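this one's structure only:
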């Protein structure tokens, strides 16, 4: 019998050191992320067994209007051992602590995979009229560990937040990832990753190269150029852009933890910025986080070029996964979201389902009121 | 002179074929009194359905029986596998299977210890593992399933995983939707690591089965169907009894085993069908509505002061028992003013098929 786990707040330094010792963790669980979400009170918590730090979490406290009660939110976390069959031992001290901090509910996103689909399966699903959602396609794999986490969360009274249709308010449950290591865990070659992409992607990468698109790693001062293009993209694609200061804060906060944690990438053609992105890496996990592209000169394929540069950079850094982040569950060829999936699927790789976001109501009355408030807000 | 179940054969067979067509992978259930049709008849009919697989597009490879004692009766009439719904235990009728049928049986195992015991007795035994549902009758919890998965993974000689035919769940009736529970139960199967993607379920609507099929395209969902198959088209089935005798009575006349007296002028009508057939031995319906409970009370009240409503109806009107049913006949009271049936006339009877033994089943 192992000794029991205890939990207490830890310093940002302890938290950072713990994550540095791990293969990877979501960047939303790094202490630096707390500074990005400055409007929420944040706290680093640590699990201890026999005096050793064995788990960590970043908690964001989101206050309910007019009440000194909080939703304690651990996005894509916490960073604990999710593989066992004794989640209660991990979660009970966390919930007790958060309750003492004034939480009326706890929300978390267990970073565990529940299902995977190959790019070919997703592609076939889009082509098949009778298939509407990713779940309609038999998965390559259903994860036993993932299912065990879900079973335990139900048993412990957690409630899954549904993300029907498009993106839910929280983190996406479905993501698209390119594995950068093979089945034996050995690094793949650039040629192998390239060969995994569809013909269009390979052609576009070649085309960008031939047209003279140059991709370069930028620095903090280049965030302005990224942001200008991002605002332009937002207007074109009808989404609300975040201010430049958000990206500057994010850049500074993440860079302070690791010199290669966040990068800004710029693709230029004859001096014109045609695409720009932000990439993040924690340990062996690399993310494509934000992207922007010009409306002019689309034929030089700056977006494909910048993705390829990011993928190569991730490979060189020893990453195991290149994560293109969220996709919607729809595989309906008529759905406007499907274009984004098709773009990501062209890179090869696989669609991955995570356990989703789960709530544990601590104070049922306030939690109910909170849900009503969210529903009204739409 | 009998309590007779008459079946419109063409209509009944058409219903059977269409039900099987609608539910590929169906496992017909033939148990108990054979839903009034007799277990042997259902087993023969299942064989007939199996022989019509080309027509229905639904190969029928297994029939479910209720208990080990029912195995032989079905085995001699149906050639495929026989799934026994009552969980295997290391005692009782399960251990008395005849050698020639044992190899055709698929056992239901509901405790990890029973899995080991069954495999020890018969290493070739095939089985499904029953999951504990909200019914809490028999079944394994998620951790039990995980223990079973480990037993199978480490079993000597290999092949143990191929003897596992799937996971079975017995769901309760009368809930709004089973999908939430089934989703959790299937997730538990994945979590257990069991090497199967086949699930045997009961009491799901067609809509629920369709939704399960799209949500779990990598699973095979096999519906176990009894009532919906055999009794699904009630219009094809009619139950009749025969009028055996009629006596005119005046108020105050004494009649019957118990020497009761008649409350007013009318007729005592003697019909076939009594306690031996299950008449008057109503099984509790399980209906817990206030209305149903009030009706039960009212029936008790009538019993104390006078007559109780019978399941026999004459000219569409349900008649009262003049006294509790006898073993093979019942006495009804028909008040004056109503038409008195002739001796030999047939009257309709409303019965619970699962609790009725007919003298004859006539299939046209």
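On my side now, so go ahead. This one's a predicted model, so the numbers in the text were calculated from it and none came from an experiment. Numbers count the residues shown, from 1 in each chain, chains lettered A, B, ... in the order given.

measure whatever residue of the stretch 251-378 of chain A ends up closest to chain B to residue A:115 for me?
Going by C-beta to the nearest C-beta, chain B is nearest to residue A:355 of the stretch 251-378 of chain A, at 10.7 Å. For every residue, glycine as well, the C-beta is placed using N, CA and C. For residue A:355, the distance to residue A:115 (C-beta to C-beta, to the nearest Å) stands at 10 Å.

check contacts around the residue of the stretch 251-378 of chain A closest to chain B.
A:109-112, A:114, A:146, A:149-150, A:153, A:173 (C-beta atoms under 8 Å, 6 or more residues apart in numbering or on different chains).

same check, this time on residue B:82
Taking C-beta under 8 Å, 6+ apart, we find residue B:82 in contact with B:62-65, B:71, B:74-75, B:101, B:104-106.

ok, back up a step: overlap in contacts, residue A:355 and residue A:115.
residue A:146.

residue ranges with poor pLDDT in chain A?
A:1-2, A:163-169, A:378 (pLDDT under 70).

now the residue of the stretch 251-378 of chain A closest to chain B. Nearest residue, chain neighbours left out?
Distances taken as C-beta to C-beta, 6 or more residues apart in numbering or on different chains put residue A:110 closest to residue A:355, at 4.3 Å, once the chain neighbours are dropped.

picking up where we left off before, including secondary structure, neighbour count and distance to residue B:251, could the contacts of residue A:355 go into a markdown table?
Formatted as a markdown table, the contacts of residue A:355 follow (DSSP: H, G, I helix; E, B strand; the rest coil; neighbours: other C-beta atoms under 10 Å in any protein chain shown; distance: C-beta to C-beta, whole Å):
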| residue | secondary structure | neighbour count | distance to residue B:251 |
| --- | --- | --- | --- |
| A:109 | coil | 24 | 81 |
| A:110 | coil | 24 | 79 |
| A:111 | coil | 23 | 84 |
| A:112 | coil | 18 | 80 |
| A:114 | strand | 23 | 76 |
| A:146 | helix | 24 | 78 |
| A:149 | helix | 26 | 76 |
| A:150 | helix | 25 | 72 |
| A:153 | helix | 20 | 72 |
| A:173 | coil | 23 | 77 |
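
between those residues, which is closest to chain B?
Nearest to chain B out of those is residue A:150 (C-beta to the nearest C-beta; 5.4 Å).

the closest one contacts residue B:189, doesn't it?
No: Residue A:150 lies out of contact with residue B:189 (C-beta atoms under 8 Å); the separation is 12.0 Å.

helices of the chain, residue ranges please.
Assuming you mean chain A. Secondary structure of chain A (DSSP state H): helices at A:12-21, A:31-36, A:87-100, A:119-127, A:144-155, A:190-196, A:199-210, A:223-237, A:244-255, A:302-316, A:338-345, A:364-377.

the intended chain is chain B.
B:9-22, B:39-51, B:53-56, B:71-75, B:99-102, B:112-121, B:142-153, B:160-163, B:179-192, B:206-215, B:227-230, B:290-305.

looking at the ones you listed, which is closest to residue A:367?
helix B:179-192 (19.8 Å; C-beta to C-beta).
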